[in-house]
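*Asks:* Curious how this folds, go ahead:
(chains A and B)
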Amino acid sequence: GESVGLHLPTLSVQEGDNSIINCAYSNSASDYFIWYKQESGKGPQFIIDIRSNMDKRQGQRVTVLLNKTVKHLSLQIAATQPGDSAVYFCAENRSGGGTSYGKLTFGQGTILTVHP
Amino acid sequence: DAGVTQSPTHLIKTRGQHVTLRCSPISGHKSVSWYQQVLGQGPQFIFQYYEKEERGRGNFPDRFSARQFPNYSSELNVNALLLGDSALYLCASSLNERTARVNAKNIQYFGAGTRLSVL
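*Replies:* Just a heads-up that it's a prediction; the model follows:
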């Protein structure tokens, strides 16, 4: 059968470039968003989060932008390094949503490859 | 400090068998969530447990069950295994529900997962 993995969006950049990874989320009621990085053979690793009352949040070398109007999230990585190569997932959550606070809904992921 | 730990790391089973996966959350975390990650896809939510009670369930059949113990560790059980159950099973822990609601954020920290292969 067809492998869904072959259709993951991919982004290839040179070391030192800035990377932008995009994500469209589905639930307009979601009020909390997280970006995770997943390296081969490992679990997802928290990168940065943002609440829906914010448009932008910055961390170390990373910035997350949230556009609620079009339900779009992006992750910007400055001065990308080979160690940033991984699959990046956005995840959404309704933090105040009854018993659903423990449920993260993940996007399909983007494969980032950084060339030295 | 130890992060989320899962055991075993790898497991091979045959169709129809039963499997139990284990998870120990980060110290101080009272909530555990389980996810299934099929190759090439994002994790899919299975269960969330808090204070030993099921607080959320994803779209998975009744063959999947879980429980949480007084020390907040958790087990995921899958009965009558199918080939399609082959996946990476991830456990995530987070702070208590009240903190999540007050702060309107719920960072979940993931373990390395258990790779289940059903033959």
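
*Asks:* need the residues of chain B near chain A, please.
*Replies:* Contacts of chain B with chain A, taken as C-beta under 8 Å from any C-beta of the partner chain, map to B:4, B:31, B:33, B:35, B:38-45, B:48, B:50, B:55-56, B:58, B:90, B:92, B:94, B:97, B:100-101, B:104-113. All C-beta atoms are positioned from the backbone trio N, CA, C, and that covers glycine.

*Asks:* Of those residues, which count as buried by neighbour count?
*Replies:* B:4, B:31, B:33, B:35, B:41-45, B:48, B:50, B:55-56, B:58, B:90, B:92, B:94, B:97, B:100, B:105-113 (16 or more other C-beta atoms under 10 Å in any protein chain shown).

*Asks:* among the residues of chain B next to chain A, which are in strands?
*Replies:* B:31, B:33, B:35, B:44-45, B:48, B:50, B:55-56, B:90, B:92, B:94, B:109-110 (DSSP state E).

*Asks:* wait, which of those residues is closest to A:Pro116?
*Replies:* B:Phe110 (28.2 Å; C-beta to C-beta).

*Asks:* Which residue comes closest to that closest one once chain neighbours are left out?
*Replies:* A:Gly43 (3.6 Å; C-beta to C-beta, 6 or more residues apart in numbering or on different chains).

*Asks:* got the contact list for the one you found?
*Replies:* B:4, B:90, B:92, B:110-113 (C-beta atoms under 8 Å, 6 or more residues apart in numbering or on different chains).

*Asks:* Reformat those as JSON lines; add distance to A:Ser26.
*Replies:* Shown next, in JSON lines, are the contacts of A:Gly43 (distance: C-beta to C-beta, whole Å):
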{"residue": "B:Val4", "distance to A:Ser26": "27"}
{"residue": "B:Leu90", "distance to A:Ser26": "21"}
{"residue": "B:Ala92", "distance to A:Ser26": "20"}
{"residue": "B:Phe110", "distance to A:Ser26": "21"}
{"residue": "B:Gly111", "distance to A:Ser26": "26"}
{"residue": "B:Ala112", "distance to A:Ser26": "28"}
{"residue": "B:Gly113", "distance to A:Ser26": "24"}
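
*Asks:* just to revisit the earlier point, farthest pair within the ones in strands among the residues of chain B next to chain A?
*Replies:* Among those, B:Gln44 and B:Tyr50 lie farthest apart (C-beta to C-beta), at 19.4 Å.

*Asks:* so B:His29 makes contact with B:Ser94?
*Replies:* Yes - counting by C-beta atoms under 8 Å, B:Ser94 is a contact partner of B:His29 at 5.9 Å.

*Asks:* so what sits against both of those two?
*Replies:* Common contact partners of B:His29 and B:Ser94 (C-beta under 8 Å, 6+ apart): B:Tyr109.

*Asks:* Can you lay out the ones in strands among the residues of chain B next to chain A as CSV showing pLDDT and distance to A:Asp31?
*Replies:* Below are those laid out as CSV (pLDDT from 0 to 100; distance: C-beta to C-beta, whole Å):
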residue, pLDDT, distance to A:Asp31
B:Ser31, 90, 18
B:Ser33, 95, 18
B:Tyr35, 97, 20
B:Gln44, 96, 21
B:Phe45, 95, 17
B:Gln48, 92, 17
B:Tyr50, 88, 19
B:Arg55, 87, 18
B:Gly56, 88, 16
B:Leu90, 98, 23
B:Ala92, 96, 19
B:Ser94, 89, 16
B:Tyr109, 93, 20
B:Phe110, 96, 21
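
*Asks:* Extract the residue ranges of chain A that are flagged as low pLDDT.
*Replies:* For chain A, applying pLDDT under 70 flags the ranges A:1-7, A:95-101.
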